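Colleague: next input, structure requested:
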Amino acid sequence: TSPEGLEWFRPLLIERGRAVQGVDLKSSVPLGFLCASCNDDTNPCLYDGVCRPENSTCECTHGSSGRLCQIPPTENGRCDTFFNSREFSYDGGDCCKQTCVSTNEYDCGRDTVTNAQGVESIVFVGFDNCIDPTNARSVSGSRTIYDIQERGVLNCAMLFTTTWFYNFMVDQCRAMAAVVLDNPNAIQIFNFTNDRFTGLRDKQFDIVLSTDYTANRDVYETSARSGFNYATMPYYFGGFVFAGLKPFGKCADNGDFFSVECLDIKICLVRGTTWFDTASKVFPSETIVAYNNFESTVIGLQNNECNVIGGTQVDVALVSIRNYGYTGDESNYEVGSKLYFKGFETWLTRPDDRVWSRFTSWIFESLVQAEESKITQATSDQMGTTGVFGSEFSGMFQKAVAAVGNYGEMWERNLPFTRSGMNLINDGTAPAMLSYDFGRVSDVGPEPSGNSAIRKIIARDLLICGVTGEGLGFKEYDEDTGTWSGFEIDFCRGIAAALFGGDDTKIEVVLVTTAERFSKIKSGEVDLVPGATRTLEREVNFGVNNDAFDFSPVYFHDGMIFAGEMPHAMCAENQDFSNVDCSKTKICVQSASTWYNALVNTLDIDEEYLILTDDFAESMRLHVAGSCNVIVAESAMVNIFSLRAAGYLVPDDYYFGTKRFTKEPICLMHRSDDQQFSDLIRWIMFGFFYAEENGITSVNFFDMPETNLFGPDFTNMWQNSIRKVGNYAQIYERNIGEAVPRTGMNLRNDLSSPQLFAAPGTI
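Modeller: I've put the predicted structure just below:
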C-alpha cells in the first residue's frame, strides 16, 4: 500500500509554453501502490486468484484482471455472479436489463455457450440474476438513444449504390435524427462494404440500411455470431436480378454457364451480400468476380472485367448504371426477368436494445401512415402524439414527417422511377399475405439455452395457447371430445409440431379474458395468444406496468364494424345518438381492446352507450339476450354464421356495418424478452406463407427447406408444421373459407400488389 501520509492528485492540463505540468490540489485521487509479486501469506491474489509460486504471478478467476487480480470485470456487459453484490454495485449493473450496458466485448443478456456438437455460439441467457435494476444509463430505456444524444450525431451505415437511392436512405436517417437530436442534419453516413454486421455489433453504427430482411440475419448471422433486429416494415420491396451484355444477361437469368454461348460468362458482384451468396449457389466460383461496392461492379462491366452484374431492379436499370459512367450500347444491354430472391430492405439494429429497435421501426411506420392519411411535410402537426417512449418523444412522429415528409414525398423527391407494385400504399383492399426470404438457412445457429422460453416449453412438454373465448371457425371447443379446433388453433398446432418434432397434439388451450391475456403472457402462464392486434402501445409500453409484447407476422387483416338491430346499428355507425330511437342504443364492447379505444378515443362515443365485457363471448351472450342491441367486433367474428351459432334469431333488417373503423392486423402475441423465441415464432409463421407461394401442401411437405438456424433439434421445423396443418391457404379454407371468404389483404401477394401499410398507433 502507499506510505502513510502520501497523497495523489490529478494533473492540470499542460498549458502552451509551460515545461512542467501542474498539479490540481483540489482533485485528490485514492491511489495506492501494490506489490507486483504475489504470495499467499502477505500479498495474496484477490477474488479467488491463484498465486503461482514458481514466478509469483497471479492466475485470475471470475474474469478479474491486473497483477493481483485486483480489477473486477464490472460494467463489461456480462453478468459475473461473483461480483453481483452491493459491494461491487451488482457487477456494475451488468446483471439487470435496466442497468446493463453492452460493450464491444459482451452484449447484455447474452453469453457464449457451446452445444453438443462443439459449435460455440452467442445466445440470449436473460437476466435471471438481476438484483438491483436501478440507475440505468439510458434515455427512455435505450442505451443507444443515450449514446446518440451524448455523441450529438446519429451514425447510419448503408451500401452506396445509386445516388438517388442513397439520398432516399439518407432522408430516412434524417427523420431519425430529427426525432432523437432535434436536428435532421446531425447524421454521419458510413458506406459499408462487407463489415456491416460486425460494425453494427461493435457499435460503430447505430443503424444499418441497405440490408435485405432474411431469416439467417434475423436469427444468427455467422459473421457476427449474433442475430439482429429488423424494422417490421421494409422501406423498399424489390428483389435480386441479373443484367448484362447480350447474350450473357440472358445466360445469367437462366442460370446457364454451360451452353456454348454462355461459357465466357463473368459476373461482377458485391462481396458479403445476399446477392453474392445467391449467385454462388448457382454459378461456379471462377465465374464470379468480387468487389467491395456496387459502383466497382459497374466499372468492372464498363472495363470488360465482367459481362454481367447483379442487384435490385433499381440498381441494374440502365438509367442507374449510367450514373456511374457506364457508356455501353443500350441495344446490347438486357435486364433479366427472373427474381432470384425477394430483396425486402429494412432498418437493422442490434438485438441488445429492444427499445431502440422498436423506436426506429415505428418512426418508419409513421412515414407510411402519414401518406395513408394524406398528411404531408407541410401538415405534419396532424400526426398523433404518443407517450410510449416518454414525454421527451411525445411529438416524435410529427418531427419525423416535418423533417422529410411522408413516404411518398421521400420517394418523389429522391427516386426518378415510377413507383409501382409492392412499394405502393395498400388501401386495405389489395392482397398482402407474403413471406420474407429465408436466406442461408443451412447456417448453424445456437441451440436454445437452458433457461430460454423454448427450453421451458420443451421441458413442460406442452405449448400453451391462450384464447379469448370462442369464435366460429377461428377457435371452437368440442364438448364431446374436449378438444379445440379452428383457424387460430391450427397455428398453435403448427408451432407445436415445429417444436416437438412433428407432434401437434402437445398443446394446451386455456381460456383467458381480453384484459388478463397480457398478464398471463408476462407471468409465463401462457406462451401465445392468437387473435391480438399489433399496436404501438402494446409493442412498446402497455398498461400500468409498462409491459411490452412481441407479435408474429400478420395472419389476418380485418377491422372493427358495428352490427345489430336497426336503427341502432346505423346510429352507432354514424355516431348519431341525438334522436329518440338512437338514444336507446347500447353497444357491447370488450374492455382493454382496440375496439374500446376506438369507440371512446377516436369516435368519442360516450360511455353511457357502452356495455363493457370481458371477452367477445360475453358480448355475444349479452347481444343474444337483448342486453345490448349493437355489438362491435371484427367483421370475421360477427357474421350471420356466428350469430346463428350463438342462438341469435337474425331478423331480415339486421345490419352488418360496411365501414371499417380500425385497422386490425391480427397476430400471435407473446413475450418480448426472449429474442430467439420471437424469431422462432416469426419464421414458423412465415413458413405457412412460403409454402402457399411455392405450392407446398401437407402432401408434399418434404419440399420445405431444412434449417440449422435454431440448432439440430429444429432442422425439420418447417416440414413438420406444414405436414400437420398445411400451408396458409389450406388452414384458411378448412376453417373459415365458407364463413369469411378470402378477399382483400388476406389474399396472397404475388409480388405485384401494394404492400405498404402501417399498424395502428402513430395517428
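Colleague: let me see the backbone angles for the closest residue to residue 654 other than its chain neighbours.
Modeller: Excluding the flanking residues, the one nearest residue 654 by Cβ to Cβ, 6 or more residues apart in numbering is residue 565, at 6.6 Å. Every C-beta, even on glycine, is put in place using the N, C-alpha and C of the backbone. When read as degrees, to the nearest 10, the backbone of residue 565 gives phi -70, psi 150.
Colleague: how far away is residue 565 from residue 610?
Modeller: 16 Å (Cβ to Cβ, to the nearest Å).
Colleague: before we move on, the earlier item: OK, contacts around the residue nearest to residue 654?
Modeller: 629-630, 651, 653-655 (Cβ atoms under 8 Å, 6 or more residues apart in numbering).
Colleague: out of these, which sit inside strands?
Modeller: Per DSSP state E, strands hold the following members of those: 630, 655.
Colleague: residue ranges with poor pLDDT in the stretch 201-350 of the chain?
Modeller: Counting by pLDDT under 70, the stretch 201-350 of the chain contains no low-confidence residues.
Colleague: just the helices from it, written as ranges.
Modeller: Using DSSP state H, counting those that start in this stretch, the helices of the stretch 201-350 of the chain run over 215-219, 248-253, 274-282, 294-302, 313-316, 318-322.
Colleague: and these: which comes nearest residue 374?
Modeller: helix 313-316 (26.0 Å; Cβ to Cβ).
Colleague: and the closest one, which residues are buried?
Modeller: Buried residues in helix 313-316, counted by 16 or more other Cβ atoms under 10 Å: 313-316.
Colleague: now distance to residue 719 too, for the residues you listed, in a markdown table please.
Modeller: Putting the buried residues of helix 313-316 into a markdown table (distance: Cβ to Cβ, whole Å) gives the following:
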| residue | distance to residue 719 |
| --- | --- |
| 313 | 32 |
| 314 | 35 |
| 315 | 35 |
| 316 | 35 |
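Colleague: and of these, the nearest to residue 173?
Modeller: Looking across these and measuring by Cβ to Cβ, the closest to residue 173 is residue 314, at 18.7 Å.
Colleague: next, the contact list for the closest one, please.
Modeller: So residue 314 contacts 161-162, 165, 236, 238, 320, 415, 417 (Cβ under 8 Å, 6+ apart).
Colleague: if I look at it, how far off is residue 244?
Modeller: Separation of residue 314 from residue 244 (Cβ to Cβ) stands at 16 Å.
Colleague: ditto for residue 310
Modeller: Using Cβ to Cβ, residue 310 is found at 9 Å from residue 244.
Colleague: with residue 620 instead?
Modeller: Noted for residue 620: a distance of 61 Å to residue 244, by Cβ to Cβ.
Colleague: likewise for residue 235?
Modeller: Separation of residue 235 from residue 244 (Cβ to Cβ): 27 Å.
Colleague: who's more crowded, those two?
Modeller: Comparing residue 235 with residue 244 by neighbour count (other Cβ atoms under 10 Å), the higher total belongs to residue 244, at 28 against 22.
Colleague: skipping adjacent residues, who's closest to that one in space?
Modeller: Using Cβ to Cβ, 6+ apart and skipping the chain neighbours, the partner closest in space to residue 244 is residue 308 (3.4 Å).
Colleague: beta partners for the one you found?
Modeller: On the basis of DSSP bridges, residue 308 is bridged to residue 244, residue 267.
Colleague: that one against residue 268, yeah?
Modeller: Yes. Between residue 308 and residue 268 there is a contact at 7.1 Å, judged by Cβ atoms under 8 Å.
Colleague: mind listing the shared neighbours of those two?
Modeller: By Cβ under 8 Å, 6+ apart, residue 308 and residue 268 have these common neighbours: residue 301.
Colleague: okay, those two: which has more neighbours?
Modeller: residue 308 (30 against 23).
Colleague: who are the neighbours in contact with that one?
Modeller: Neighbour list for residue 308: 242-245, 248-249, 251-252, 265-268, 301 [criterion: Cβ under 8 Å, 6+ apart].
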